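**Q** Provided below are the primary sequence and the corresponding predicted coordinates.
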Amino acid sequence: MGDTGALARRSALVEGLRAYRLIAGMWVRSSMTYRTSFVVTVFGNLLVTGLDFVAILLMFSQVDSLGGWSMPEVALLYGLSATAFGIADLVLGSMDVLGARIRDGSFDTLLVRPAPVLAQIGADRFALRRLGRITQGAVVLGYALVSVDVDWSAQKVLLVPVMLVSGAVIFCSLFVAGAAFQILVQDASEVQNAFTYGGNTLLQYPPSVFGKDLVRGVTFMLPLAFVNWVPAAYVLGRPYPIGLPEWAAFASPLVAAVCCASAGLAWRSGLRSYRSTGS
Amino acid sequence: MGSGRLYLAVAVGGFRRYATYRAATAAGVFTNTVFGVILVYTYLALWDEKPHLGGYDQAQAVTYVWLGQCLYATLAIQGGGAEKDLMERIRTGEIAVDLYRPADLQLWWLAGDVGRALFQMLGRGVIPFLFGALFFPMALPTELTLWAAFLVTLLLATVVSFAIRYLVALSVFWLMDGTGVNQALMITGIFFSGMVLPLNAFPGVLGDIVRVLPWAAQIQMPADVLMGETDPLRAYAFQAAWAVVLLAAGRLVQSAATRRVVVQGG
């Protein structure tokens, strides 16, 4: 009995991933129809997302350190957060159209299709142009990794990919939770921007810049700090503004798993409470 | 007289149209407040490191942040105002209906955008600004004349902002698709308006350049007038000059577009 249950769950996951791949592939093909337009929008996406980094560059054109952190150190925070967020944005970034789909009634169509709704809505308007953000984040990360003054150990090297994957999962969870919230309040897709884009902006600056209460909030309540702040502070050998045990630097995957589970619960309860507009 | 009433009605329509989406407005207020808090801390760290950067003290830098959040939607800094609808109407060919109307195309859209801006200001801009004033030290004047002068710069800023976006939207007559120009509008808007950093804190020659571009009329000028950093008359002259130049350019492009371009039909 337990075996068949597990099997059913696994096949649902496989089914979901397959549906996601098919829908995303369709959108990729459709955007590739206008190849020049695609190249231009990727480039534009790269520039738009690069503006955050331009802000940091402009700041460092005036000062040598920000909150006690040097340029390469801030760039490391930036590169980690921007790349992790870029991955999440590519995978689930189009979920803010959910509210519009509920309003115009087309969400009902997704519900009757024989594929998981989350996979369908996640892949909806899949935009390959979002590679621009990942590219831009990765370039800054590359610069940071070669210029930052760190005594690299095996653990520290390993933490870099762990941060990127865990960070992407944490941001993905935010997108899913935001989508669940949109089922309740359709017009409020901007609320999730405060957490996704806002969180990404927050994490690009050193934690020492912010008030202790804010740091506590994003460490314990909405654990964004595990995307980069906490592990990166360990890599750089810098004290974290609020006292945390050393193992916390390695807790990102665990935090990501918990975020994922909570987002899943939120999504399910959101979906259960859905009422069609009837139009 | 009669046409004045017409444009007033269009402006009221713009205001009411945006006022319909209450949940979206509340969400926007929340988002602007969160971004304001994040930016305030980064600016405080920057001004802590380099006091009097750009001639501002810390309280003035904080004021600038909250004013930016207040004007972000009001002036459609990254786009999303009247130009979005205009582009769509040009793309679908519905613009033909607008051209038939016994009203001036540019004034019609300006009136609608002013109505939108007024609602975004009252519904979405004021609350984050008050939040900032309540929880952070700000450099707000006590003289009523400065506040009055500030309101005048806001009106002029709205016109300049519209004039830029109108000009950009008309390009769709030739391009047929607004995706690229929208991106350009977003990048230039955010960067040159001083959303990333106050323009007076930009270094060297770059600073000299960005401070004379039309986008300087949007946040920098109202901020400097409010905080008594510049002579209001100088600010008015700067804003009005750009408004006239850009609106005139918009008219030229508009007449070229309506004379030479075949409207998309369906």
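**A** It's in.
**Q** please enumerate the strands of the stretch 151-279 of chain A.
**A** For the stretch 151-279 of chain A, applying DSSP state E, counting those that start in this stretch gives no strands.
**Q** what parts of chain B come near chain A?
**A** Within chain B, the positions adjacent to chain A are B:21-24, B:26-28, B:30-31, B:34-35, B:37-38, B:41-42, B:44-46, B:49-50, B:53, B:177, B:179-180, B:183-184, B:186-187, B:190-191, B:196-197, B:201-203 by C-beta under 8 Å from any C-beta of the partner chain. (Glycine included, C-beta is placed from N, CA and C.)
**Q** of those residues, select the buried ones using a ChimeraX command.
**A** Selecting only the buried entries of those in ChimeraX, with 16 or more other C-beta atoms under 10 Å in any protein chain shown as the criterion:
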select /B:21,23,24,26,27,28,30,31,34,35,37,38,41,42,44,45,46,49,53,179,180,183,184,186,187,190,191,196,197,201,202
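**Q** what parts of the stretch 51-200 of chain A come near chain B?
**A** Counting by C-beta under 8 Å from any C-beta, the stretch 51-200 of chain A comes close to chain B at A:51-52, A:54-55, A:58-59, A:61-67, A:185-191, A:193-195, A:198.
**Q** residues touching A:Ser269, list them.
**A** Residues near A:Ser269 by C-beta atoms under 8 Å, 6 or more residues apart in numbering or on different chains: A:Ala180.
**Q** now, the residues of chain B next to chain A that are in helices?
**A** B:22-24, B:26-28, B:30-31, B:34-35, B:37-38, B:41-42, B:44-46, B:49, B:179-180, B:183-184, B:186-187, B:190-191 (DSSP state H).
**Q** can you count the residues close to A:Val14?
**A** Using other C-beta atoms under 10 Å in any protein chain shown, A:Val14 has 10 neighbouring residues.
**Q** next SSE downstream of the helix or strand harbouring it?
**A** A:Val14 belongs to helix A:2-32 when assigned by DSSP states H and E. Sequence-wise, the next helix or strand downstream of helix A:2-32 (DSSP H and E) is helix A:35-60.
**Q** other SSEs contacting that next one?
**A** With contacts taken as 3 or more C-beta pairs under 8 Å, 6 or more residues apart in numbering or on different chains; DSSP states H and E, helix A:35-60 sits against helix A:2-32, helix A:71-92, helix A:131-147, helix B:179-192.
**Q** center of the chain - which residue?
**A** As the question left the chain open, I've gone with chain A. A:Phe171 (2.8 Å; C-alpha atoms, centre = their mean).
**Q** looking at chain B here, not the other one
**A** B:Leu75 (2.2 Å).
**Q** hmm, the helix holding A:Val14 in reach of chain B?
**A** No. Helix A:2-32 lies out of reach of chain B by C-beta under 8 Å from any C-beta, never closer than 10.7 Å.
**Q** distance from that helix to the middle of the chain?
**A** 20 Å (C-alpha atoms, centre = their mean, to the nearest Å).
**Q** show me the shaky parts of the stretch 1-150 of chain B.
**A** Within the stretch 1-150 of chain B, the ranges that satisfy pLDDT under 70 run B:1.
**Q** what about B:Leu107, neighbour count?
**A** 14.
**Q** please apply the same query to A:Met71.
**A** The local packing of A:Met71 (other C-beta under 10 Å) involves 20 other residues.
**Q** and the pLDDT at it?
**A** In this prediction, A:Met71 carries a pLDDT score of 96.
**Q** wait, what's in contact with it?
**A** A:Met71 neighbours (C-beta under 8 Å, 6+ apart): A:Phe60, A:Asp64, A:Ser65.
**Q** and these, which is closest to chain B?
**A** Nearest to chain B, judged by C-beta to the nearest C-beta, of these is A:Ser65 at 6.6 Å.
**Q** so what's the closest one up against?
**A** When contacts are counted by C-beta under 8 Å, 6+ apart, A:Ser65 is found next to A:Met71, B:Glu49.
**Q** what are the bridge partners for it, then?
**A** Taking DSSP bridges as the rule, A:Ser65 bridges to A:Ser70.
**Q** how close does it get to B:Tyr43?
**A** 15 Å (C-beta to C-beta, to the nearest Å).
**Q** related to what we said a few turns ago, TSV for the contacts of A:Met71, including distance to A:Asp151?
**A** TSV is the format used below for the contacts of A:Met71 (distance: C-beta to C-beta, whole Å):
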residue	distance to A:Asp151
A:Phe60	24
A:Asp64	22
A:Ser65	20
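**Q** and of those residues, the nearest to A:Asp89?
**A** Nearest to A:Asp89, judged by C-beta to C-beta, of the contacts of A:Met71 is A:Phe60 at 25.3 Å.
**Q** dump the residue contacts of that closest one.
**A** Counting by C-beta under 8 Å, 6+ apart, A:Phe60 has contacts A:Leu66, A:Met71, A:Val74.
**Q** what do you get if the cut-off is 10 Å, keeping everything else the same?
**A** The contact partners of A:Phe60, by C-beta atoms under 10 Å, 6 or more residues apart in numbering or on different chains, come to A:Leu66, A:Ser70, A:Met71, A:Val74, A:Ala75, B:Leu46, B:Glu49.
**Q** roughly how far out does the helix or strand hosting B:Leu252 sit from the chain middle?
**A** Secondary structure assigned from DSSP H and E places B:Leu252 in helix B:232-260. Its chain's average C-alpha position is 15 Å from that of helix B:232-260, according to C-alpha atoms, centre = their mean.
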